[in-house]
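Engineer: Take a look and give me a structure for this.
(one chain, ligands or ions: 1)
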Amino acid sequence: MESKLIFVTGGVVSSLGKGITAAALGRLLKSRGYSVSIMKLDPYLNVDPGTMNPYQHGEVFVTDDGAETDLDIGHYERFINEELTRLNNTTSGQIYSAVIERERRGGYQGGTVQVIPHITEEIKHRITKVMKKLRPDALIVEIGGTVGDIESQPFLEAIRQLKSQCEPMQCCFIHVTLIPYLSASGELKTKPTQHSVKELQSIGIQPDVIVCRSDYPLSRSIKAKIALFCNTAEECVIENLNAGSLYEVPLMLEEKGLCTAVCKKLGLDPRTPDLTEWRAMVDRELNPETECTVAIVGKYVELHDAYLSVAEALKHGGFANRARVNLRWLGAEDLEKGSDCSGALEGVDAILVPGGFGERGIKGKIMACRYARENNIPYFGICLGMQIAVIEFAQDVLGWEDAQSTEFDFSTKHPVIDLMADQVNNLERIGGTLRLGSYTCRLEEGTLAASIYGCFETHERHRHRYEFNNEFEADFRDAGMVFSGWNPRRGLAEIIELPSHPWFVGVQFHPEFTSRPDEPNPLFASFIEAALKGKE
Ligand code: GLN
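Structural biologist: A predicted model of the protein is given here:
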C-alpha cells in the first residue's frame, strides 16, 4: 500500500497547537496498529533553527542522526514513540539552498528557475522521500505558519499539487483553527474560521477535517454552521478544547472522532484503538500520590518553550514516581543580584541547570550549583549544566578561582572546559557544526550512572561544542569527582557524579530528548526519585 498522506495546516492565529494535533493523531493511528511518521515543513529561511535565539523559536530539538530541528519534532517523538530523522523536518532555507545549489551546478539546463515548479518540486520530493524511505501506513505532514502567510504559500501549493498526483483516497487535509469567544456578546464566533478556510480554498485546497480550538464546547448548531460554510461534513468538525495536560489531547480527540473521520476519508479501516497504556500513563499524571518542586535555573526562563523537552522529561520522571513535579523557573541573572541564592531556592527539592550558550547568567548558575552541592540537594546538570558543575567544583573544591570554560574566558590558566581540536575552526561557521546527535556512552561499573541505566552502555544525543578537558582529570578524581560515563571512541567525559552527595549528576548529553511519557529517561526518573527522597 502507498502511504496515506495527512496534511495539517493552521488558520486564524499561530500557536494553536497544530504540532500537538499532528502528534496526537499520530498516536491515535498507531494505537490502531498503523505505522506512522510525521514531518514538519517550516517556512522560515534559516536552514535549521540551530542558529536562532531561543526567544525566537523555543527549544532546538535534536534527532538521533544529529539534525537540529523544530520543537514539534520533540512532540512527535514523544507521542508516537519513534526516532525521527533529519528527513522529518524541512525548512524553506533547506529547500532554497538545494535548488540554488543545483542551479549553480547547471542542473536546470538553461531553464529559468522559479518558485513554481522548481521550489514546489523540491518540497514534494522531500515529502515523497520520507514516504519511500520509511513506507509508513500514514505520513502526517504539518505545515508551519498560518494560512495566508506569504512564506508558507509554496508549501501549500506543493501539497495541492501532490494531492492531484495521488490516488483518490490517498490524501486528507486537516485545518486547525480558532473559534474565539466574545465575552461581550457571550458567543463563540465562526467567521475567522470561515475566512481562513476560504483562503485555503482559493489556493485549491479543500480541508476534509476542521479541528476547532476553543475555550468552550461547540454546540451542535455551531458545528453545523462551520460544516455548511466550510464545505465539510458535520462529523468532520472536531472540537478541541484546552486540555489540562498535553498527553490528554489524544484521548480527547479520540472521543471527538478525529481519527475515525480521518480513517474514513482515507479509506482506512477505522479499527478500535488500543489506548490502554496511554490511558494508564495519563492516569498516573492526573492522579499523583505525592509532589516535589524542581528549580530550573536558566537564562531563557521567561519562555518555557526554550526548555520544552527538559520540562516534559521532568514530568515523565514524575509519572514514573507517581509524583507531580512543580517547576520553579529561576532566571540565572536574577540569582546573581543577591549575595547568595538561598532565598530563591528555598523549599526546592532539586535543582536542574539545563543547556545553554554564552556567558550571560553563568555566575548565577554556578551559585545555584554550589548551593545544591553544599546543601545536599539533588543536582542535575545537563550539557552546560554539567560544565557548570565542573567549573564550580574547580573553583571551590580544587581552589582554582580562575577555572572556567574557554567559551567564557579564553585566557584562564585552568580551562577545565575547552574546545577540542576538531572544533577550533568552527567558530566562524557556527551553523550545524556543533557536536550533534547520538553517541555511545560507556558507563563505569559501580557508579550511580551505571545503576540508573542498569547497563554498561547507552546512547544519548548531543548538542554542544565544548568538552571536559582531560588534562585536569586526575585533579578532579583526587578531589572526589567520579567520571562515570565516557565516549569510548574519543575518550570524552560524558557523565560526572559526586558519590559524597545524595544525587549529583552532570551529563554532557541531552537525556531530555530521549524521554517519553510512557518510557521516561532513567536519569529523570532517578532524579525525581531522589528529590522525593530528599523531601522526606
Ligand atoms: N555552550 C556549551 C557548549 O557549546 C554547552 C552547550 C549546551 O548546553 N547545549 O559546549
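Engineer: From here on, just use CA atoms for contacts and neighbour counts.
Structural biologist: Noted.
Engineer: got the residue ranges for the helices in the stretch 51-200 of the chain?
Structural biologist: Secondary structure of the stretch 51-200 of the chain (DSSP state H, counting those that start in this stretch): helices at 54-57, 71-80, 92-104, 120-134, 153-165, 191-202.
Engineer: okay, these in TSV with mean neighbour count, mean pLDDT and distance to Gly26 next?
Structural biologist: Converted to TSV, the helices of the stretch 51-200 of the chain look like this (neighbours: other CA atoms under 10 Å; pLDDT from 0 to 100; distance: least, CA to CA, whole Å):
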stretch	mean neighbour count	mean pLDDT	distance to Gly26
helix 54-57	14	86	23
helix 71-80	25	97	6
helix 92-104	16	97	24
helix 120-134	18	96	15
helix 153-165	18	96	19
helix 191-202	18	95	23
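Engineer: what would the ones you listed look like in TSV with distance to Leu448?
Structural biologist: Shown next, in TSV, are the helices of the stretch 51-200 of the chain (distance: least, CA to CA, whole Å):
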stretch	distance to Leu448
helix 54-57	32
helix 71-80	26
helix 92-104	42
helix 120-134	38
helix 153-165	49
helix 191-202	54
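Engineer: Is the residue lying closest to Glu457 once chain neighbours are set aside bridged to anything, and to what?
Structural biologist: Leaving out its chain neighbours, the residue that sits closest to Glu457 by CA to CA, 6 or more residues apart in numbering is Arg442, at 4.5 Å. Legend: beta-bridge partners of Arg442 under DSSP bridges are Glu457, Trp486.
Engineer: if we can go back for a sec, out of the helices of the stretch 51-200 of the chain, nearest to the ligand?
Structural biologist: Taking CA to the nearest ligand atom as the criterion, the ligand comes closest to helix 54-57 out of those, the separation being 11.8 Å.
Engineer: So for stretch 490-505, what gets flagged as buried?
Structural biologist: For stretch 490-505, burial by neighbour count (16 or more other CA atoms under 10 Å) applies to Leu492, Ala493, Glu494, Ile495, Ile496, Glu497, Leu498, His501, Pro502, Trp503, Phe504, Val505.
Engineer: returning to what we had before: the residue nearest to Glu457: how many residues sit nearby?
Structural biologist: Per other CA atoms under 10 Å, the neighbour tally for Arg442 reads 22.
Engineer: ok, now which ones touch it?
Structural biologist: For Arg442, the contacting residues are Phe456, Glu457, Thr458, Gly485, Trp486, Asn487, Pro488, by CA atoms under 8 Å, 6 or more residues apart in numbering.
Engineer: Please indicate which of those residues are buried?
Structural biologist: Using 16+ other CA under 10 Å as the burial test, the contacts of Arg442 include Glu457, Gly485, Trp486, Asn487 as buried.
Engineer: hang on, isn't the second one packed against Cys441?
Structural biologist: Yes: with contact defined as CA atoms under 8 Å, Gly485 counts as touching Cys441 (5.8 Å).
Engineer: which neighbours do those two share?
Structural biologist: With CA under 8 Å, 6+ apart as the test, Gly485 and Cys441 both reach Glu494.
Engineer: Could you pull up the residues touching Asn376?
Structural biologist: Contacts of Asn376 by CA under 8 Å, 6+ apart are His501, Pro502, Trp503.
Engineer: Excluding chain neighbours, what is closest to the last one?
Structural biologist: Nearest non-adjacent residue to Trp503, counting by CA to CA, 6+ apart: Pro378, 4.7 Å away.
Engineer: swap in the first one?
Structural biologist: The shortest distance from His501 to any non-neighbouring residue, by CA to CA, 6+ apart, is to Asn376 (5.9 Å).
Engineer: What distance do you get for the one you found to the ligand?
Structural biologist: 23 Å (CA to the nearest ligand atom, to the nearest Å).
Engineer: Leaving out the residues flanking it, which one is nearest to the residue in the chain positioned nearest to the ligand?
Structural biologist: Using CA to the nearest ligand atom, Gly355 is the residue of the chain that sits closest to the ligand, at 3.1 Å. Closest residue to Gly355 apart from its sequence neighbours, by CA to CA, 6+ apart: Leu384 at 4.6 Å.
Engineer: thinking the one you found is in contact with Pro354, fair?
Structural biologist: Yes: the criterion here is CA under 8 Å, and Leu384 meets it with Pro354 at 6.5 Å.
Engineer: Which one of these two is surrounded by more residues?
Structural biologist: Leu384 (28 against 24).
Engineer: before we move on, back to that, could I get the pLDDT score of the residue nearest to Trp503?
Structural biologist: Listed pLDDT for Pro378 reads 98.
Engineer: going forward can the numbers begin at 40, since that is how I track them
Structural biologist: Happy to do that; since the first residue is 40 now, the last one works out to Pro417.
Engineer: Neighbours of it, how many?
Structural biologist: Residues within reach of Pro417, counting by other CA under 10 Å, total 27.
Engineer: Keep only those of the buried residues of stretch 529-544 that are in strands.
Structural biologist: Among the buried residues of stretch 529-544, the ones falling in strands (DSSP state E) are Leu531, Ala532, Glu533, Ile534, Ile535, Glu536, Phe543, Val544.
Engineer: My guess is the fifth one contacts Gly519. True?
Structural biologist: No: here Ile535 does not reach Gly519: they are 10.5 Å apart, not a contact under CA under 8 Å.
Engineer: and this protein, which of its residues are near the ligand?
Structural biologist: Contacts of the chain with the ligand, taken as CA under 6 Å from any ligand atom, map to Gly394, Gly395, Phe396, Cys422, Leu423, Arg502, His503, Arg504, Tyr505.
Engineer: From those, list the buried ones, please.
Structural biologist: For the residues of the chain next to the ligand, a burial check counting by 16+ other CA under 10 Å picks out Gly394, Gly395, Cys422, Leu423, Arg502, His503, Arg504, Tyr505.
Engineer: In contact with the last one, which residues?
Structural biologist: By CA under 8 Å, 6+ apart, the contact list for Tyr505 reads Ser444, Glu446, Ile456, Asp457, Leu458, Met459.
Engineer: what would those look like in a markdown table with pLDDT?
Structural biologist: Shown next, in a markdown table, are these (pLDDT from 0 to 100):
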| residue | pLDDT |
| --- | --- |
| Ser444 | 97 |
| Glu446 | 94 |
| Ile456 | 97 |
| Asp457 | 95 |
| Leu458 | 91 |
| Met459 | 83 |
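Engineer: Mark which of the residues you listed are part of strands, please.
Structural biologist: Short answer: these in strands (DSSP E) are Ser444, Ile456, Asp457, Leu458.
Engineer: Distance of the last one relative to Thr445?
Structural biologist: Distance, Leu458 to Thr445, using CA to CA, to the nearest Å: 7 Å.
Engineer: what's the answer for the third one, then?
Structural biologist: The spacing between Asp457 and Thr445, counted by CA to CA, is 5 Å.
Engineer: So which of these two has more stuff around it?
Structural biologist: Just comparing Asp457 and Thr445: by other CA under 10 Å the higher neighbour count belongs to Asp457, 23 against 18.
Engineer: show me the contacts for the more buried one.
Structural biologist: By CA under 8 Å, 6+ apart, the contact list for Asp457 reads Ser444, Thr445, Glu446, Tyr505, Glu506, Phe507, Asn508.
Engineer: I'd guessed the second one sits against Lys452; true?
Structural biologist: No: counting by CA under 8 Å, Lys452 is not a contact partner of Thr445; they are 10.0 Å apart.
Engineer: buried ones in stretch 79-96?
Structural biologist: Buried residues in stretch 79-96, counted by 16+ other CA under 10 Å: Lys79, Leu80, Asp81, Pro82, Tyr83, Val86, Asp87, Pro88, Gly89, Pro93.
Engineer: mind showing which ranges of the stretch 390-539 of the chain have poor pLDDT?
Structural biologist: Of all residues in the stretch 390-539 of the chain, none has pLDDT under 70.
Engineer: all strands of it, in order?
Structural biologist: 418-421, 443-444, 454-458, 474-482, 496-503, 505-507, 521-526, 531-536 (DSSP state E, counting those that start in this stretch).
Engineer: How many residues are close by Ser258?
Structural biologist: Counted with other CA under 10 Å, Ser258 comes out at 11.
Engineer: And Lys402, how close does it get to Glu341?
Structural biologist: Relative to Glu341, Lys402 is positioned 18 Å away (CA to CA).
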